[in-house]
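In: Any chance you can model this:
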Amino acid sequence: MTSADAKAFGPERRSESPSQSTGQLLWLVVAVLVAGTPHLLFVQPWVPVLVVCISVWRIAAAVHRWHLPSIWLRVPLTMLGFTAVLVGYRQISGLNAGSALLLVMVSMKLLETRGHRDRAIVVFICYFLLFAAFLREQAIWSAAYLLSGVLITTGAQIQTSRTGSVVSVPRALTMSASIVLQAVPLMIVLFLLFPRIPGPFWALPQGGGSGVTGLANEMTPGDISELALSDKVAFRVRFDESEPPPAELYWRGPVMVEFDGATWRQAEPEPRWSMAKYADENNPGERFGYEITLEPHSQHWLLALETPATWDVEQAFISRAAQLVSVRPVDQRVAYSATSFLARNRPERMHDTSRRVLTHLPPERNPRALEYARVLRAKSADDAAYLSNILTSFRTDGFVYSLRPPRLNRNSVDEFLFETREGFCGHYASAFTTLARAAGIPARVVTGYQGAELNPLGDYWIVRHSDAHAWVEVFIDGAWRRVDPTAAVAPDRIELGIEQSMDWSAVTGRGLLHDNPFMNQLILSWDALNTGWNRWVLSFGPDSQTTMLSLAGLTDPQAQHLVIGMTVCVTLFLIIIGLINRHRKPTLDRVQKIYQRLCQRTARVTRSRKPTEGPREYATEVGTMRPDLDSEVRYLFNLYVRLRYERQADESLVKKFNDAVRRFRPPRRRGPKPGIEK
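Out: As a prediction, this is how the structure comes out:
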């Protein structure tokens, strides 16, 4: 052994070299930043600033060999960070507060990363941050990002647990991927057999949930036209068998009753009896079954095809306005099944109180519309003829359907009917309802969505915010009847849908994407992939688990059955892995034989290596017993570690190891013979 070799692997190897420490620290910092990135938009701004500042300072301290802060500085900083989280969030539990606390603590831990234990704690906190991120967002892109985060964090764990120099980035990631792949079978077993909580995974409570609002509980003409410019998905629907024709795809949402002359508002929903019983009594039309996946909107309304008969949403009811309402706000994505019947006419008893509410108009507002209604009603034979004349006027008197109508003021209906004559569905629904009430006909505005886009890749329909719509219900001859004034002005909007009936390129440029077959196919493919992820992974709940187990012959499984099955499967998997490893021929047979020869020669002059004793631990003990052999023994055992564990098994290094062991013939120490431990 040369003097250079002795220096490289001698006693000074007990402390880390600067380059080694800096390389491991860089991996730690990258893992912290990758694991913390999904939380940055959900924590208070000072938290990411703290993480970045401490990370940068810690790297600079490693490069320039600065002293780390003493415990007298770290403890006050940690307490200050804890207090800041507690004051800022008024709690330390919950997703946002807990994530902020983890980010603060991992930053503080970077200030004292001196050894393996400190670095291991940082890595474990990174794993917790990745898990917390999945609680917040479970989209397929998020799963892909978090998988990459697990690979990087596992790579950091591999690098920081080494006592030698860090390996290259590709090599570390390859080793990390190998470890993660070995865990995939266990992951699948736990996913399928672990007792499921009721409801989909996305329904877990989250603090401060905020959904993207679509429809609202009030409507001013012009609101829906702004919403129609959004290409975001409102919900997805999958029909059990056949689906209604496009002109019948009216998805019922908030029903507006109160009117102040400019804005329509929803009255407090009043529960009614079962719509299934109502449908059976009146037999209004054909029923359709479907499953809806509704995106969060932070309101109480649910969407259903007109008119809902049955549904499986807990704590939901049907209002007297035939609106499906949830007791709790829809703050998370929710999936539910429902059936609806197509009912243009729904018989109902109208009480005097309800009639007064549904014919009320604010006094001294829209006087020209009221006078126009009085004159037109006098010329009409009955209520039905009067309403038909209004639709004829919309169709023939120069009214225009537009996404960019002029802004209306206090007397919005007067200005629309007699001045601008340009509007979106909300303008026509508001004007028609006002004219109907002016003639004493009970009427209300219904908002929701009309139409849907078929995704043939997943055999389901997509309803976007751009499909937002408003129509009217009038009470004639003892029944509620749907009237859509938009159909009189723009029939293509109802028959073909808004995508095909509007010139989007002139408004927002959205048409450039949807008119391009390749881009449209790409959009639908991505949506189908996300929908499949939501349906088969995120919504894998108790019902899906029971169905899967029933196919395997286990009906009505209990929690204890699942735990037993999970334990048996994991045990069998570990036994199989053990048998495979037992009969697998070692890839480093020659190196192992050389190592055994080294241990035998060392045992002759000190003691035998214990079966549970690692090479470096044994070398340290030998060096303590024989200080005169310390440098040489450390050199030889470190060579073995490089070959056996760091996979540096090139032929030249193996030959070097073999030659060094062959020359290693340590003399026996004079005096009493050391004890041999077996």
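In: Going by C-alpha atoms from here, please, whenever you check contacts or count neighbours.
Out: OK.
In: for the stretch 251-400 of the chain, what spans make up the helices?
Out: Under the criterion DSSP state H, counting those that start in this stretch, the stretch 251-400 of the chain contains helices at 275-282, 352-358, 367-379, 383-396.
In: could those helices go into a markdown table alongside distance to residue 406, mean neighbour count and mean pLDDT?
Out: Output for the helices of the stretch 251-400 of the chain, formatted as a markdown table (distance: least, Cα to Cα, whole Å; neighbours: other Cα atoms under 10 Å; pLDDT from 0 to 100):
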| stretch | distance to residue 406 | mean neighbour count | mean pLDDT |
| --- | --- | --- | --- |
| helix 275-282 | 40 | 15 | 47 |
| helix 352-358 | 28 | 14 | 89 |
| helix 367-379 | 18 | 16 | 92 |
| helix 383-396 | 17 | 17 | 92 |
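In: Would you tell me what helix or strand residue 25 is located in?
Out: Element membership for residue 25 (DSSP states H and E) is helix 18-36.
In: For that helix, what does the pLDDT average out to?
Out: For helix 18-36, mean pLDDT is 84.
In: That one - contacts with which helices or strands?
Out: Contacts defined by 3 or more Cα pairs under 8 Å, 6 or more residues apart in numbering; DSSP states H and E place helix 18-36 against helix 46-64, helix 116-136, helix 140-160.
In: Strands of the stretch 401-550 of the chain, start to end?
Out: Residue ranges of the strands in the stretch 401-550 of the chain, as given by DSSP state E, counting those that start in this stretch, are 422-423, 443-450, 453-455, 460-464, 468-476, 479-483.
In: what does the shortest one contact?
Out: Right, strand 422-423. The contact list for strand 422-423 (Cα atoms under 8 Å, 6 or more residues apart in numbering) reads 222, 399-406, 416.
In: returning to what we had before: any chance of the helices of the stretch 251-400 of the chain in TSV, with distance to residue 577 too?
Out: As requested, the helices of the stretch 251-400 of the chain are exported to TSV (distance: least, Cα to Cα, whole Å):
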stretch	distance to residue 577
helix 275-282	56
helix 352-358	72
helix 367-379	81
helix 383-396	75
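In: of all those helices, which lies closest to residue 136?
Out: Smallest distance to residue 136 across these (Cα to Cα): 35.9 Å, for helix 275-282.
In: ok, now how distant is residue 30 from residue 66?
Out: 20 Å (Cα to Cα, to the nearest Å).
In: Looking at the two, which one has more neighbours?
Out: Each of residue 30 and residue 66 has its neighbours counted (other Cα atoms under 10 Å); residue 30 has more, 16 against 12.
In: Report the contact partners of the more buried one.
Out: By Cα under 8 Å, 6+ apart, the neighbours of residue 30 are residue 152.
In: Give me whichever of the helices and strands packed on helix 18-36 is most buried.
Out: Most buried of the helices and strands packed on helix 18-36, by mean neighbour count (mean count of other Cα atoms under 10 Å): helix 140-160, with a mean of 21.
In: mind saving the C-alpha coords of that one as CSV?
Out: Taking Å, rounded to 0.1, in the frame of the first residue of the first chain, the C-alpha atoms of helix 140-160 are listed here in CSV:
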residue,chain,number,x,y,z
ILE,A,140,-52.6,12.8,-12.8
TRP,A,141,-50.0,15.5,-13.5
SER,A,142,-49.6,16.0,-9.8
ALA,A,143,-49.0,12.2,-9.3
ALA,A,144,-46.3,12.4,-12.0
TYR,A,145,-44.6,15.3,-10.3
LEU,A,146,-44.8,13.7,-6.9
LEU,A,147,-43.3,10.5,-8.3
SER,A,148,-40.4,12.5,-9.6
GLY,A,149,-40.2,14.1,-6.1
VAL,A,150,-40.0,10.6,-4.5
LEU,A,151,-37.2,9.6,-6.9
ILE,A,152,-35.2,12.7,-6.1
THR,A,153,-35.8,12.4,-2.3
THR,A,154,-34.8,8.8,-2.4
GLY,A,155,-31.8,9.7,-4.4
ALA,A,156,-31.0,12.3,-1.6
GLN,A,157,-31.4,9.6,1.0
ILE,A,158,-28.9,7.3,-1.0
GLN,A,159,-26.4,10.1,-1.3
THR,A,160,-26.6,11.4,2.3
